[in-house]
Structures are given as C-alpha cells and as structure tokens.
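**Student:** Following is a predicted model, sequence given first.
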Amino acid sequence: MTTPTFSLNNGVTIPVIGLGVFQTPPEETVAAVRAALETGYRMIDTAAAYGNEREVGEALAQSGIEREDVFLETKVWVTDYGRDETLHAFEKAIGKLGVERLDLLILHQPDIGNFEKTVAAYGALEELLADGRVRAIGISNFTPALLDRLLAETEVVPAINQIELHPYFTQVASREANAAHGILTQAWSPIGGISAYRGTSAATPTFTNPTLVEIGERHGKTTAQVMLRWHIQRGTQVIPKSTRPQRIAENFDVFDFDLEQDELAMIDGLDTGARGGPDPEQPQPSFHSFIIPEA
C-alpha cells in the first residue's frame, strides 16, 4: 500500500507514520528497520544521540528500496550547536547513515542556557536547506514561547516540531501554536510508552487505560492502534518505536478504521497535563555531558 502523507510547509511530503528508533540498541536496529520497511513503512526517525544512525543506514542499504522512496529524519544534539559545529554534525550524520542528503534535519532540544547557540545551529540548518543538502528542517521539544523566540531570530519557519504527545499529555497549546505557523506537529512517545516507564506506581499506563481498551474493542483494534489513529485524525505525524516485527506491523495497521468524533473527544479527555520527559524551558546540564562521536 501507499502510505498516506502530510504536506510540510515547503511542499515536501512526509508519511503520516514512521518508525522511531529511540532507545533501540544498535545491535537490534538493523532488524527493526528492515522489518518496518518490509511492512511498508517509508519513514524512519533517528538521532545522533541515539547512537544508531549507522545501523539505520545499513538497514536502508540492505533493503533494496530506492533512497528517494524512504523519508529519513535525524537530529542534531545540543553539544553540536553553533553554526560550524552544526554543519559538521550534518557531515557526521550523513557519513554514518551512508547518504548524501537528508529529508529532514532537526534540532533535538532547545539549549536554554545558551539560546544563542541554538539560534546559530538553526541558522546552519537554514544554510543546508538553501544548499539542497536537506529537504526540510525543523525543531524538537520547543514550547510555544521558545518557538516564538526562535522565529524572531531566524528566517525559515520550521517544517516540523517534534514534541512529547500522547493521550495523557495532549499539548493543545503547542499543537495550536505549531498549526498557527504552518508547522506540522510530530509526536514522540505517541502511544504513551513514557507513561509506563516514567510514570508513578499509581498511574495507569496508556496501554491498559479502560477508555482506550473500550474504544479498541469497538473497532477490533489494540489500544496502541487506537492511539495512533487518534494522532493521525488529529493531524499529527507519528513515529512509534518497537523492535518486535509483530508490533511493528501492528502499529502500521491503522488505515482501515476511523474513530468517531465522540471517541476522539474521549481520548482528548484523558489528558493529565503531566509531562513525562524533561521540561524544555528548564536548563538541562546533563545534556552537555554527552558528546556525539565522530564515527
């Protein structure tokens, strides 16, 4: 099947669903990406900080699929921010991935303690876009206030803002701010995995939430499939992560049903307002202890 797509603000299209490889060990990444491509995925999201760009590239090379048929996204880590540093980060990324051009390159985090370097890093992305070395550029984990700061000092509006987004953290303000600027929202942890491994002992993981279970039973779908369908119908691009071929295929099987408006509203109502990941508006000194290797 041909995967449905969203159009970015520069006319580039991106599949509505892709495979994420956050926390996928390098030794498991090739098999996971191969399984996804064989299932029909045509978009892969990785990052320099994940340590598995090389393995993503190996899987692409082994797949036999034409390079232009797979949308490839990666991210620049904060220790590579600054104009020259970010241009070099691009070279490191394409070297590991084994490609000449990226479909999407984004900044992984805002560096609150040194926002000037964040702006300089984004300026490097703008240069790469102008040179045709990347097809689209974007950001990740930017709140509306941080987005406004970036837009005030740069020229190109990001094509994507990748944020934590799942039924327990629906990020209405961020989604609305993104949409107002023509920025596509991309969800990390789209099925709420972070609510399971970082949630409190009293929390109910999204996978066993009674509302999601009930909606899934109505449609003969799993809670994960329900959540992914919710995202897509709300206009959000999703990058669910798995290393199991059966789960990878299951996550892709979301195009044969539609949620009703009342079901979408029920899922909206699960929002707790509690962020699972780091607060983007607070300094994160630990981010600077991780240096991206050259090879």
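**Tutor:** Perfect, I can see it now. Just so it is clear, the model here is predicted, and its values are computed rather than measured.

**Student:** Could you list the low-pLDDT ranges of the stretch 51-200 of the chain?
**Tutor:** 196-200 (pLDDT under 70).

**Student:** can we see that at 80?
**Tutor:** Counting by pLDDT under 80, the ranges of the stretch 51-200 of the chain that qualify are 195-200.

**Student:** Quick check: closest non-adjacent residue to the residue of the chain positioned farthest from its centre.
**Tutor:** Distance from the centre of the chain peaks at residue 218, with 28.7 Å (CA atoms, centre = their mean). Leaving aside its chain neighbours, residue 218 sits nearest to residue 263 (7.7 Å; criterion: CB to CB, 6 or more residues apart in numbering). No exception for glycine: its C-beta is placed from N, CA and C like everyone else's.

**Student:** Surely the one you found is within a strand?
**Tutor:** No - per DSSP: H, G, I helix; E, B strand; the rest coil, residue 263 lies outside any strand segment and is helix.

**Student:** Got the confidence number for it?
**Tutor:** Confidence at residue 263, expressed as pLDDT, is 98.

**Student:** how near is it to residue 221?
**Tutor:** Taking CB to CB, to the nearest Å as the measure, residue 263 falls 11 Å from residue 221.

**Student:** go on, residue 109?
**Tutor:** Residue 109 is 33 Å from residue 221, by CB to CB.

**Student:** likewise residue 122?
**Tutor:** Noted for residue 122: a distance of 39 Å to residue 221, by CB to CB.

**Student:** Looking at those two, which one has more neighbours?
**Tutor:** Neighbour comparison, residue 122 and residue 221: the larger count goes to residue 122, with 27 against 21 (by other CB atoms under 10 Å).

**Student:** pretty sure residue 112 is touching residue 283, no?
**Tutor:** Yes - here residue 112 reaches residue 283: they are 5.0 Å apart, a contact under CB atoms under 8 Å.

**Student:** Hmm, residue 169 and residue 273 touching each other?
**Tutor:** Yes - taking contacts as CB under 8 Å, residue 273 lies within contact range of residue 169: 7.2 Å.

**Student:** more crowded one of these two?
**Tutor:** residue 169 (22 against 9).

**Student:** The more buried one bridge partners, please.
**Tutor:** When assigned by DSSP bridges, residue 169 has beta-bridge partners residue 166.

**Student:** returning to what we had before: tell me how many other residues crowd the residue nearest to residue 218.
**Tutor:** Counted with other CB under 10 Å, residue 263 comes out at 20.

**Student:** sorry, back to before: using the three-state scheme, assign the residue farthest from the centre of the chain.
**Tutor:** Per three-state DSSP, residue 218 ends up helix.

**Student:** when you give positions from now on, start the count at 877
**Tutor:** In the new count, where the first residue is 877, that last one comes out as residue 1094.

**Student:** Please report how far it lies from residue 1044.
**Tutor:** 21 Å.

**Student:** nearest residue to residue 998 other than its sequence neighbours?
**Tutor:** Residue 998 sits nearest to residue 1030 (CB to CB, 6+ apart), 5.3 Å away.

**Student:** and the one you found, how far is that from residue 890?
**Tutor:** From residue 1030 to residue 890 the distance is 21 Å (CB to CB).

**Student:** which ones are touching the spatially closest residue to residue 928 that is not a sequence neighbour?
**Tutor:** Spatial nearest neighbour of residue 928, chain neighbours left out: residue 905 (4.2 Å); criterion: CB to CB, 6+ apart. Residue 905 makes contacts with 897, 928, 931, 932, 935, as judged by CB atoms under 8 Å, 6 or more residues apart in numbering.

**Student:** mind listing the helices for the stretch 1027-1171 of the chain?
**Tutor:** 1048-1056, 1069-1073, 1086-1095, 1099-1109, 1121-1128, 1137-1144 (DSSP state H, counting those that start in this stretch).

**Student:** Same question for the stretch 877-1026 of the chain.
**Tutor:** According to DSSP H, counting those that start in this stretch, the helices that the stretch 877-1026 of the chain contains are 902-915, 929-939, 959-973, 991-1006, 1020-1029.
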